[in-house]
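Here is my input, please return the structure:
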Amino acid sequence: MDLKTKYMGLELKNPIVPSASPLTWNLDNVKSMEDNGAAALVVHSLFEEQISHEAGELDHYLSYGTESFAEARSYFPELEDYKVGPVEYLDLIADIKKTVAIPVIGSLNGISTGGWVKYARNIQEAGADALELNVYYVPTDPNKTSADIEKLYVDVLKAVKSNVSIPVAIKLNPYFTSFANMAKQLDTAGADALVMFNRFYQPDFDLNKLEVVPNLVLSTNWEMRLPLRWIAILYGQVKASMALTSGVHNATDIIKVMMAGGDVAMMASELLMNGIGRVNEILTGVKNWMEENEYASIEMMKGSMSQKSVQEPAAFERANYMKTLQSYQTLI
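Numbers count the residues shown, from 1 in each chain. Sure thing, here's the model as predicted:
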């Protein structure tokens, strides 16, 4: 059974890639990922705030508004709460490369070019095989247009791409006026991969303390439907590799990603909830399904259920919409 796939030009033994999570803080976990069959791994993110703190200044996008209300300062964690600083992060990348033979993908999380360019180079020098840019930006300024927001993403990508030689992926959110056009812009700007989608963690209100508090909810299977749809639509329309992240929990999910046209399926919540050993169990499930359904390779199934592969591609969205509503009618 040939499970090989290619992601950003990297030859991978299978399509399962643990995404950025606290699991990579520990080298034993990293080694366990490889031992259980992970084809590559994304190291947890180095945040722009950490880079800015080292430089003695905060980027204006992040500091804007913090003086408006005293409680706004509580939104930011103390820098001591981060597990590693920028220098330690680079050391960790180097240590992970010594620990495993699978490709290692660094991760930068922020919204501006600033220190990103410098640390993108440093992550490359530390031995990372590729880099993932996690552009986490919630546009709240009503004076900023959609074109302004799109330019921010493209500028960050171009700045990093012009300063490193390793492949660069960009992790996106789906909230663009025209996501297909945004994907095309990034593809044209040189993105080696599009990672869909970033999960925006919504805060909650503590009514007893009258505070805004973080609220982490791990993913469920249904969350993969949105990125699955967009990968199916974009398959064959962009040159960049495509990765699905959010909602991947079992072998069926992996197969769906491949059939939509994805190159890799990334997971974190499943491993956090049920252990790193799930990688091996899921791989076994993928192999069994392929054997039962007479698929000799991942390549045979890739893109077979994409928009490009249906009889009427133009009707892909509307036909599915109408059929979904009609299916509910049959239940009542």
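
lowest-pLDDT helix or strand in the protein?
helix 60-63 (a mean of 43; mean pLDDT, DSSP states H and E).

Downstream of it, the next helix or strand is which one?
helix 86-99 (DSSP states H and E).

residues of stretch 29-47 that come out buried?
For stretch 29-47, the neighbour count (16 or more other C-beta atoms under 10 Å) marks 29-30, 32-34, 36-47 as buried. For every residue, glycine as well, the C-beta is placed using N, CA and C.

First-to-last residue distance for that stretch?
Stretch 29-47 has an end-to-end distance of 21 Å (C-alpha to C-alpha, to the nearest Å).

what mean pLDDT would you report for it?
For stretch 29-47, mean pLDDT is 96.

now it, how far from the centre of its chain.
Centre-to-centre, stretch 29-47 and its host chain are 14 Å apart (C-alpha atoms, centre = their mean, to the nearest Å).

With stretch 226-235 instead?
That offset, for stretch 226-235, works out to 14 Å (C-alpha atoms, centre = their mean).

residues in contact with that stretch?
174, 179-180, 183, 194, 196-197, 242, 244-247, 256-257, 260-262, 303, 305-308, 316-317 (C-beta atoms under 8 Å, 6 or more residues apart in numbering).

Point out where the protein drops to low pLDDT.
For the chain, the stretches with pLDDT under 70 are 52-84, 112-115, 201, 311-332.

Tell me both backbone torsions, phi and psi, for Thr284.
Per-residue torsions, Thr284: phi -60, psi -40 (degrees, to the nearest 10).

which residues touch it?
Going by C-beta under 8 Å, 6+ apart, the list of residues near Thr284 reads Ala251.

could you redo the last one with a cut-off of 10 Å?
With contact set as C-beta atoms under 10 Å, 6 or more residues apart in numbering, Thr284 has these partners: 37, 251.

Got a ChimeraX select line for the buried ones in the contacts of stretch 226-235?
Here is the ChimeraX command that selects only those of those that count as buried (16+ other C-beta under 10 Å):
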select :179,183,194,196,197,242,244,245,246,247,256,257,260,261,262,303,305,306,307,308,316
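
In strands only, show me the contacts of stretch 226-235.
Among the contacts of stretch 226-235, the ones falling in strands (DSSP state E) are 194, 196, 242, 244-245.

Mind jotting down where the strands sit in the stretch 201-332 of the chain?
204-206, 211-213, 241-245, 264-267 (DSSP state E, counting those that start in this stretch).

would JSON lines of the ones you listed with distance to Ile282 be doable?
Formatted as JSON lines, these follow (distance: least, C-beta to C-beta, whole Å):
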{"stretch": "strand 204-206", "distance to Ile282": "31"}
{"stretch": "strand 211-213", "distance to Ile282": "33"}
{"stretch": "strand 241-245", "distance to Ile282": "14"}
{"stretch": "strand 264-267", "distance to Ile282": "8"}
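
Just name the most buried of the ones you listed.
strand 264-267 (a mean of 28; mean count of other C-beta atoms under 10 Å).

strand partners of it, parallel vs antiparallel please.
strand 16-18 (parallel), strand 241-245 (parallel) (DSSP bridges).

Of the buried residues of stretch 29-47, which belong to helices?
29-30, 32-34 (DSSP state H).

Show me which of those residues is closest to Asn208.
Proximity of these to Asn208 (C-beta to C-beta) peaks at Asn29, which lies at 35.7 Å.

surely the closest one meets Val279?
No: here Asn29 lies out of contact with Val279, judged by C-beta atoms under 10 Å, at a distance of 11.4 Å.

shared neighbours, these two?
18, 271.

closest one to Ile16 among the strands of the stretch 201-332 of the chain?
Using C-beta to C-beta, the strands of the stretch 201-332 of the chain put strand 264-267 closest to Ile16, at 6.2 Å.

gap between the closest one and the chain center?
So, by C-alpha atoms, centre = their mean, the centroid of strand 264-267 is 8 Å from its chain's centroid.

Before I go, just wanted to say thanks for your time.
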